[in-house]
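[1] A structural model of the following input is requested.
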Amino acid sequence: MRDRIRKVCVYCASSSQAADGFYDDARRLGWLLAERGVTIVYGGGAVGSMGALAEGALNADGRVIGVIPRFMLDLEWGHDGLTELRVVEDMHERKRQMIDGVDAAIALPGGCGTLEELLEAITWKRLGLYWKPIVLVNTRRFFDPLVTLLEAAVRERMMDERHGAMWTLVDSADDVLAAIESAPAWSSEARSFATL
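    Residues are numbered from 1 along each chain as shown. Alright, predicted model coming up:
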């Protein structure tokens with residue numbers, strides 16, 4: 001059993017026009033994490049899956065930290081009801097602060113920004129810079145094409161077979177905490193097989 005989960009990073013979408021199931025899973029994840037006393041660090045948005053995640057956690061008296069670049073705050077994209085809203089200068093600093101010191105990174109379905117954040121976390125794990133679990137919540141089978149592509153990268157020897165253990169795919173928010181707790185151990189030793 002992994003040590004107690006205290007804080008997680010959640011990557012998710014700001015789109016307000018996706019299917020309701022995406023928002024339902026985001027809201028459910030927020031609520032489940034808050035019920036377990038887990039602090040959520042996310043992108044600080046007020047709408048879409050971002051807003052639903054925060055709403056779910058806040059409705060369960062959870063702690064939610066948003067990290068938002070100043071230009072997004074200027075556009076009034078920030079959530080004004082969070083436990084804490086950190087304003088940073090750029091997207092790079094946002095990503096660093098979101099993943100710094102967390103016990104896991106969780107990806108809900110999202111657009112290119114969410115995918116970029118997720119792939120950066122996977123890359124950092126490959127390089128032994130980030131060692132914690134990465135969980136993909138496969139609502140509506142959203143991540144199937146990405147996992148197929150990553151598996152192809154392993155099959156074509158662009159990545160080592162061991163890299164397939166860097167992430168865990170789950171069907172819904174209900175499976176996230178168990179996936180974090182049972183994730184394979186990872187360490188800086190990953191650098192020894194980071195390149196082929």
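[2] what sits up against the helix or strand of the chain with the lowest mean pLDDT?
    Among the helical and strand segments of the chain, the one scoring lowest on mean pLDDT, DSSP states H and E is helix 70-74, with a mean of 92. By C-beta atoms under 8 Å, 6 or more residues apart in numbering, the list of residues contacting helix 70-74 from outside reads Gly44, Gly45, Gly78, Leu85, Val87, Val88, Glu89. The C-beta positions use only the backbone N, C-alpha and C, and glycine is treated the same way.
[3] so the last one versus Ser14, what's the distance?
    It stands for Glu89. For Glu89, the distance to Ser14 equals 19 Å [C-beta to C-beta, to the nearest Å].
[4] settle it for me: which of these two has more neighbours?
    Ser14 (19 against 10; other C-beta atoms under 10 Å).
[5] which SSE is that one in?
    Using DSSP states H and E, Ser14 maps to neither a helix nor a strand.
[6] per-residue confidence for it?
    As predicted, Ser14 sits at a pLDDT of 95.
[7] what of Met1?
    According to the prediction, Met1 has pLDDT 36.
[8] which parts of the least confident helix or strand of the chain are buried?
    Judged by neighbour count (16 or more other C-beta atoms under 10 Å), helix 70-74 contains these buried residues: Met72.
[9] since that was my last question, I'll sign off now.
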